[in-house]
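Trainee: predicted model, plus sequence, below.
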Amino acid sequence: MDLELYIQKVKAFNHELDWDQFHNPKDLLLALMSEVGELAECFRWLSEEEIARVIADPEKKKKIAEELADIAMYLMTISYKMDIDFPKAIEEKFEKNKKRFTLEKNKGVHTNPIEGYKPQA
Ligand SMILES: [Mg+2]
């Protein structure tokens with residue numbers, strides 16, 4: 001998948017539907033958060049075992065994939081509306097994260113704002 005190609009497709013779709021008039025950064029962020037909420041609803045109140053069954057079911061997994069796609073498309077829209085080169089931003093942040101999270105310090109370890117660094121059980 002070519003990310004830039006999909007950004008252009010989303011941009012053309014939004015333009016065709018005359019939705020640019022609604023797409024300011026604040027409302028796009030609210031729409032993004034709504035889609036994150038829709039994804040969260042797919043997991044709400046489910047145990048780890050139930051989530052594993054959802055993921056193993058192609059039809060249910062498709063709903064999760066659709067919510068992820070909605071989130072990705074809002075991220076793309078926010079990026080192009082703010083004249084941010086999204087693929088470049090991802091590449092640069094990925095490289096920054098690779099330097100920040102080192103094998104020596106972070107392998108097999110997660111962090112929490114309250115607990116700090118904690119080895120995976
Ligand atoms: Mg959705």
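Mentor: Structure's in. What do you need?
Trainee: CA only for contacts and neighbour counts going forward, please
Mentor: Noted.
Trainee: could you list the buried residues of the longest helix that the chain contains?
Mentor: In terms of residue count, the longest helix belonging to the chain (DSSP state H) is helix 58-81. Applying a neighbour-count criterion of 16 or more other C-alpha atoms under 10 Å, one finds 63-64, 67, 70-80 buried in helix 58-81.
Trainee: now do stretch 85-98
Mentor: Along stretch 85-98, these residues count as buried under the neighbour rule (16+ other C-alpha under 10 Å): F86.
Trainee: and that stretch, how far out from the chain's middle?
Mentor: 14 Å (C-alpha atoms, centre = their mean, to the nearest Å).
Trainee: go on, stretch 63-79?
Mentor: Going by C-alpha atoms, centre = their mean, where stretch 63-79 is centred and where its chain is centred differ by 7 Å.
Trainee: ok, residues contacting that stretch?
Mentor: Applying C-alpha atoms under 8 Å, 6 or more residues apart in numbering, the set of residues contacting stretch 63-79 from outside is 7, 10-11, 23, 25, 28-29, 31-32, 35-36, 38-39, 42, 85-86.
Trainee: point out the residues in the chain that sit beside the ion.
Mentor: For the chain, the contact set with the ion under C-alpha under 5 Å from the ion comprises E35, E67.
Trainee: for the chain, list the residue farthest from the centre, please.
Mentor: E104 (27.4 Å; C-alpha atoms, centre = their mean).
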